[in-house]
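In: the sequence and its predicted three-dimensional model are supplied below.
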Amino acid sequence: MAHIPRRTLAVLGAVVLLGAGACGTTDAPPSGTAAATASSSAQGPWTWTDDRGKQISVSQRPQRVVAQSSAAAALWDFGVRPVAVFGPHRLKDGGRDPEVGEVDITKVESIGNVWGEFNVEKYASLQPDLLVAGMYQKDTLWYVPPESAEAIDQIAPTAGVQLSGRPLVDIIEKYGELAAALGADPQAAPVVEAKKRFEAASAALKTLAAERPDLSVMIVTGTPESLYVAYLPDHPDIKYWGELGLNIVYPEQPTESEGGFWEVLSWENADKYQADVILVDARAQSMKIEEMAEKPTWAQLPAVKAGQLYPWHAAERYSYLGYAQVMEELTTNLEKSRDDVVSE
């Protein structure tokens, strides 16, 4: 699967372990019972079974967590404070990449910011207790370079959270369970408030979908060579919106070479599907709307001509807060959109 559209060393002989940075991983001590798959005692043994079926058993609860940027963002919203991140987190101008959510990038170490970049020696020097990453492909940790996977496994346990092929809410809950197992308080006021906000945003989008059944929406990303149209069943967020009743235009089948997720179209065939509204991948590494405007077929699409192009946050963190914000923005954009541009 291609990287831009989505998700597409020998073991270190001796590593000098440098001084440690921040030690705490949570804002507050745990309260209540941890997830059934884990023991969250700070003093006793700690176990966790990840979505690969891999059981992690260590002498005490991990304190120094390193996470892929989207996973770090989800854990952060649930109260866990990673000591380092990898994957998109810093923009070219030094600002925070949206993929890392609310993570304070001035307070975490960076061990890689782009695809294929993972500083194994620096990772080891941080003395990590656990690495956390999502998985779009089975048993494959997102943004962990395959050539470095063995070395990384030798340094600290890794935990994977499956992101494709499961409901959006299940993924959010999984991150919440892991955060609780790592000592975060699932009843902390920000977490409870974020869940209420997520539920309210879901209800508002469902109401809009019921009131505007003719408003059609398509989700895409682009590269200089191709337009990728999102295949609804493989994207948890888009599938969730469809379940809420949103009228989503999507391919019957994805392109086989992509392993799911997309139908790949040449720009000459970019008009194969049409919708009143198009959501465009907003990730920093994806093709920008102004660049797509130079493609003649794209420029003639009804939604493009009507100016009904809005962002799709393809790598949004799987937390209640993250998707509450996404759906609030989506509902606001759809409320101001016409539902008759395709028929013009």
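Out: Received, thanks.

In: for the rest of this, base every contact and every neighbour count on C-alpha atoms.
Out: OK.

In: and residue 218, what element?
Out: Taking DSSP states H and E as the definition, one finds residue 218 inside strand 216-222.

In: okay, now the sheet partners of that strand, with direction.
Out: Partners of strand 216-222 in the sheet, by DSSP bridges, are strand 226-230 (antiparallel), strand 247-249 (parallel), strand 277-281 (parallel).

In: would you format those as a markdown table with mean pLDDT, distance to residue 193 and mean neighbour count included?
Out: Output for those, formatted as a markdown table (pLDDT from 0 to 100; distance: least, C-alpha to C-alpha, whole Å; neighbours: other C-alpha atoms under 10 Å):
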| stretch | mean pLDDT | distance to residue 193 | mean neighbour count |
| --- | --- | --- | --- |
| strand 226-230 | 96 | 31 | 23 |
| strand 247-249 | 98 | 29 | 20 |
| strand 277-281 | 97 | 28 | 24 |
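
In: I'd like the distance between the closest residue to residue 107 other than its chain neighbours and residue 306.
Out: Spatial nearest neighbour of residue 107, excluding adjacent residues (C-alpha to C-alpha, 6 or more residues apart in numbering): residue 83 at 7.8 Å. In this view, residue 83 and residue 306 are 45 Å apart by C-alpha to C-alpha, to the nearest Å.

In: looking at those two, which has the bigger crowd around it?
Out: residue 83 (24 against 15; other C-alpha atoms under 10 Å).

In: quick one: average pLDDT of the longest helix anywhere in the chain?
Out: Longest helix in the chain by number of residues (criterion: DSSP state H): helix 189-211. Averaging pLDDT along helix 189-211 gives 98.

In: for that helix, packing partners?
Out: Judged by 3 or more C-alpha pairs under 8 Å, 6 or more residues apart in numbering; DSSP states H and E, helix 189-211 is in contact with helix 320-335.

In: now what about the helix it packs on, what contacts it?
Out: Here helix 320-335 makes contact (C-alpha atoms under 8 Å, 6 or more residues apart in numbering) with 74, 77, 101, 172, 191, 194-195, 197-199, 201-202, 204-205, 208, 277, 310, 313, 316-317.

In: so the residue nearest to residue 107 makes contact with residue 105?
Out: No. The pair formed by residue 83 and residue 105 falls short of the contact definition of C-alpha atoms under 8 Å, at 10.0 Å.

In: just the buried residues out of the contacts of helix 320-335, in ChimeraX syntax.
Out: Of the contacts of helix 320-335, the buried ones go into a single ChimeraX selection, burial set by 16 or more other C-alpha atoms under 10 Å:
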select :74,77,101,172,191,194,195,197,198,201,202,204,205,208,277,310,313,316,317
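
In: select, out of the strands paired with strand 216-222, the one closest to residue 260.
Out: strand 226-230 (9.2 Å; C-alpha to C-alpha).

In: give me the angle between the helix or strand just after that closest one and strand 216-222.
Out: Using DSSP H and E, the helix or strand that follows strand 226-230 in sequence is helix 236-243. The directions of helix 236-243 and strand 216-222 differ by 170 degrees, with axes from the mean of the first three to the mean of the last three C-alpha atoms, to 10 degrees as the criterion.

In: so how far is helix 236-243 off the chain centroid?
Out: In terms of C-alpha atoms, centre = their mean, to the nearest Å, the centre of helix 236-243 is found 14 Å from the chain centre.
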